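Enquirer: Provide a 3D model corresponding to the input given below.
(chains A and B)
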Amino acid sequence: MSNKRIKIGAIFLTLVILLVMPLFLDLYLVHILNQIGIMVILTASLNLMVGYTGQLSFAHIGLFAVGAYTSAILTTTAGFSFWTAFPIAAIIAGIFGFIIGLPVLRFKTHFFAIVTMAFGEIIRLTIYNLRDLTGGPNGIYNIPFPTNFFGLDFALREHFYYLILVSAIIVILLVKFLINTRTGRAMIAIRENENFALFVGINTWRVKIFAFTISAAIAGFAGSLYAHYNSYISPYSFTISESVSVLLMVIIGGMGTIIGPILGTTFLTFLPELLRSVSEYRMVIYGGLLVLTIMFMRDGILGVIKSIKFKKDGDKRVKIEKPLPSGREETTIAGSERN
Amino acid sequence: MADQIMQSILNGLVSGSIYGLMAIGFTLVFGIMHVINLAHGELYMLGAFSTFIMVGVYQLNFFVAIAAAMLIVGCLGFLIERFIFRPLRNTPMLNTLLASIGLSIFISNLVLKIAGTGMRSIPSPFSEKNFEIFGAVISTHRLMVLLLTGLLVGLLFWIIKFTKFGRSLRATSQDQDASALMGVNINLTYGIVFAISAGMAAMAGGLIGSLYVVDPTMGLGPGLKAFIIVILGGMGSIVGAIAGAFIMGYAETFTSLFWSASYQDLVGYIILILVLLLKPNGLFGGVKR
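Expert: Residues are numbered from 1 along each chain as shown, chains lettered A, B, ... in the order given. As a prediction, this is how the structure comes out:
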């Protein structure tokens, strides 16, 4: 029981720190915190697919782009206010997710990965080529900041912080709630063994399409925040390498957990700041880290922390969660075998 | 228009054969080792760079340089297999996929950091003489690319079908444990397969680098395309990889002829999705699921 009390205390303390933080930090750090906040929402959405349902999606950067562009186009050309465009962006991204999910979720493992990657790129290339609507390679400028709300002026970074904070908390609570429902349990069952989940009577198709739609909507939500925070978007922010860094944030923190992606996002955003002298090597470090994480700590940072904690407690073994569904397909070189 | 179509047929043949060179190496590694190597494009880039350094800086003969690049990158491939993919061998396939993505980011950004951006090109060793076939023009260089690619693919087929090593390759791809019991050195076989795959990518890099430009990000596109082609043709199938490469090559050339060059990449992805929807295992279905 005391353990639970400590947990509640820790959460409360974190909340208070998060609330007062921008009052003490300089603007640059607040800016970094805001970026982390937006990425936390995106990684929470990706974690829902990769970490909980076990489907390695590369399409989320595209759905993030759909949210960003929907919101930007609605506010700049159609005269919508941010507060109406924000939920519409999430809904449109969710619809996109549903439509993409219909064909994509038929595939498993690497087929799923490549097809989602294809859809992510199709979205980006379409944005790139629809010059009249999206500005093509030039992107969209002067996306308005949200109008004032409760005395908060969102043109200021330290005020925008609270919007991002509240959104991130809502999304995290939503994900946490979702995981504890029947559907959430079904998602985890699919991650562990899809055939078995089917066998025990879970409608795996419905669960997967639900998870994909919800996570797409969350990605769109993050995209809308991203567009209005930076007030500028272009297709170059939504490339495959961005998609890989978001994935890395989920993996390096510890996928399939609530805190993991938050840790990963914070770590990977702060890392280049801490190592300012080598920050030019940011992507080199990212690449190296991804290889090392996969090879030596598959449960991410959180897994390492847990194993240290458990070692102190005695010889309780950490439950090793399989990061992704296994499936070593039987293959042959068809060309040589046929003759 | 007829001339243009003829020209596109020739261009598609050249780009298809280069895609084929990339895709065969990729599918070989997948078919035998069950490893998806997304760093394949970076090996291609390294091949182009080593050829560039040897020809441009040390003034070596072009063919010697390409052979040396194949050897160097092949050795690198062997080491990559030993130190990254071997420890991951019996883990879920997506682990190797992710590790190779990390490797590809690592290599390309390291080279970018060391060499910087900027256009380099390998001086072409061939004369400017062009051949004319039915009104379409092909340069000596491109013709040479076609010949070399054909030669290498033929050699590979010969190795797989008729040599002892080829037989152990086929055995390993069917059953790793049984062939180990029959005296096949699995570790060595895997290492050599990876080295061959890397060497083929390096040759493609050297040939392309002399046709266009050499830069550290040049690997991303072809690497992804090799993946798409291999899935299109059927994972693990060499015939499928060749067919997929030509489909891709022709789809792209004809899209830029009839529509617009900016839709080139889009077409590749759309074909991939359509094929997978209709024939989930790819055209030549290498993987039995």
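Enquirer: Run through the residues of the stretch 101-250 of chain B sitting next to chain A.
Expert: B:101-110, B:112-113, B:157, B:160-161, B:166, B:169-170, B:173-174, B:220, B:224, B:227-228, B:231, B:234-240 (CB under 8 Å from any CB of the partner chain). In short, each C-beta sits where N, CA and C put it, glycine included.
Enquirer: what ranges do the helices span in the stretch 151-289 of chain B?
Expert: Listed in chain order, the helices of the stretch 151-289 of chain B (DSSP state H, counting those that start in this stretch) span residues B:164-174, B:176-181, B:186-211, B:220-233, B:238-258, B:264-278.
Enquirer: which one of those helices lies closest to B:Leu28?
Expert: Across the helices of the stretch 151-289 of chain B, the minimum distance to B:Leu28, taken as CB to CB, is reached by helix B:186-211, at 5.2 Å.
Enquirer: what's the closest one packed up against?
Expert: Secondary-structure packing of helix B:186-211 (3 or more CB pairs under 8 Å, 6 or more residues apart in numbering or on different chains; DSSP states H and E): helix B:2-33, helix B:40-52, helix B:62-80, helix B:140-162, helix B:164-174, helix B:176-181.
Enquirer: What mean pLDDT does it get?
Expert: Per-residue pLDDT values over helix B:186-211 give a mean of 90.
Enquirer: for that helix, which positions count as buried?
Expert: Neighbour counts using 16 or more other CB atoms under 10 Å in any protein chain shown place B:186, B:189-211 of helix B:186-211 among the buried residues.
Enquirer: Also stretch A:222-238?
Expert: A:222-229, A:233-235, A:237-238.
Enquirer: follow-up on the earlier one: now the helices and strands packed on helix B:186-211 as TSV including mean neighbour count and mean pLDDT?
Expert: Putting the helices and strands packed on helix B:186-211 into TSV (neighbours: other CB atoms under 10 Å in any protein chain shown; pLDDT from 0 to 100) gives the following:
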stretch	mean neighbour count	mean pLDDT
helix B:2-33	23	87
helix B:40-52	29	93
helix B:62-80	20	93
helix B:140-162	16	87
helix B:164-174	18	86
helix B:176-181	14	84
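Enquirer: Surely B:Leu232 touches B:Gly282?
Expert: Yes: distance between B:Leu232 and B:Gly282: 5.9 Å, which falls inside the contact criterion (CB atoms under 8 Å).
Enquirer: Give me the more crowded residue out of these two.
Expert: B:Leu232 (29 against 26; other CB atoms under 10 Å in any protein chain shown).
Enquirer: who touches the more buried one in this structure?
Expert: Listed by CB atoms under 8 Å, 6 or more residues apart in numbering or on different chains, the contact partners of B:Leu232 are B:240, B:244, B:247-248, B:271-272, B:275, B:282-283.
Enquirer: Break down the stretch 201-339 of chain A into its strands, ranges please.
Expert: Under the criterion DSSP state E, counting those that start in this stretch, strands of the stretch 201-339 of chain A are mapped to A:330-331.
Enquirer: tell me the pLDDT at the most centrally placed residue in chain A?
Expert: Within chain A, one residue has its C-alpha closest to the average C-alpha position: by CA atoms, centre = their mean, that is A:Thr43, at 1.9 Å. Reading off the confidence values, A:Thr43 has pLDDT 95.
Enquirer: can you tell me the helix or strand for it?
Expert: Secondary structure assigned from DSSP states H and E places A:Thr43 in helix A:27-47.
Enquirer: and the longest helix for chain A?
Expert: Longest helix in chain A by number of residues, with DSSP state H as the criterion: helix A:204-230.
Enquirer: To A:Ala85, which of the helices of the stretch 151-289 of chain B lies closest?
Expert: Distance to A:Ala85, taken as CB to CB, is lowest for helix B:264-278 among the helices of the stretch 151-289 of chain B, at 27.4 Å.
Enquirer: How about that closest one and chain A, any contact?
Expert: Yes: for a cut-off given as CB under 8 Å from any CB, helix B:264-278 has contacts with chain A, namely B:265-266, B:269-270, B:272-273, B:276-277.
Enquirer: can you pick the most crowded of the residues you listed?
Expert: For those, neighbours were counted using other CB under 10 Å, and B:Leu272 has the most, 24 neighbours in all.
Enquirer: before we move on, the earlier item: I'd like the residues of helix B:264-278 next to chain A written out as TSV, with pLDDT added.
Expert: What follows is the residues of helix B:264-278 next to chain A, written out as TSV (pLDDT from 0 to 100):
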residue	pLDDT
B:Asp265	78
B:Leu266	84
B:Tyr269	85
B:Ile270	86
B:Leu272	83
B:Ile273	84
B:Leu276	80
B:Leu277	82
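Enquirer: Distance to B:Leu151 added to those residues, as CSV?
Expert: As requested, these are exported to CSV (distance: CB to CB, whole Å):
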residue, distance to B:Leu151
B:Asp265, 29
B:Leu266, 33
B:Tyr269, 31
B:Ile270, 33
B:Leu272, 29
B:Ile273, 34
B:Leu276, 32
B:Leu277, 36
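Enquirer: In these, find the pair that's most separated.
Expert: Between any two of the residues of helix B:264-278 next to chain A, the greatest separation by CB to CB is 19.2 Å, found for B:Asp265 and B:Leu277.
Enquirer: returning to what we had before: if we only consider the contacts of B:Leu232, which is nearest to A:Ile214?
Expert: The shortest gap between A:Ile214 and any of the contacts of B:Leu232 belongs to B:Leu272, at 26.3 Å (CB to CB).
Enquirer: That closest one and B:Val230 touch, don't they?
Expert: No: because the distance of 10.4 Å does not satisfy CB under 8 Å, B:Leu272 is recorded as not touching B:Val230.
Enquirer: show me where pLDDT drops low in the stretch 1-150 of chain A?
Expert: Applying pLDDT under 70 to the stretch 1-150 of chain A flags the ranges A:1.
Enquirer: which residue ranges form the helices in it?
Expert: Using DSSP H, counting those that start in this stretch, the helices assigned to the stretch 1-150 of chain A run over residues A:2-24, A:27-47, A:60-76, A:82-104, A:109-129, A:131-134.
Enquirer: Give me the local confidence score for the closest residue to B:Gly41 other than its chain neighbours.
Expert: The spatially closest residue to B:Gly41, leaving aside those adjacent along the chain, is B:Gly223, at 1.9 Å (CB to CB, 6 or more residues apart in numbering or on different chains). Among the per-residue scores, B:Gly223 shows a pLDDT of 86.
Enquirer: Next, count neighbours for B:Gly223.
Expert: So B:Gly223, with other CB under 10 Å, has 25 neighbours.
Enquirer: Then the one 10 residues further on?
Expert: One way to gauge burial is a neighbour count; for B:Gly233, by other CB under 10 Å, it gives 31.
Enquirer: correct me, but it touches B:Phe227?
Expert: No: at 11.2 Å, B:Gly233 and B:Phe227 do not qualify as touching, with contact defined as CB under 8 Å.
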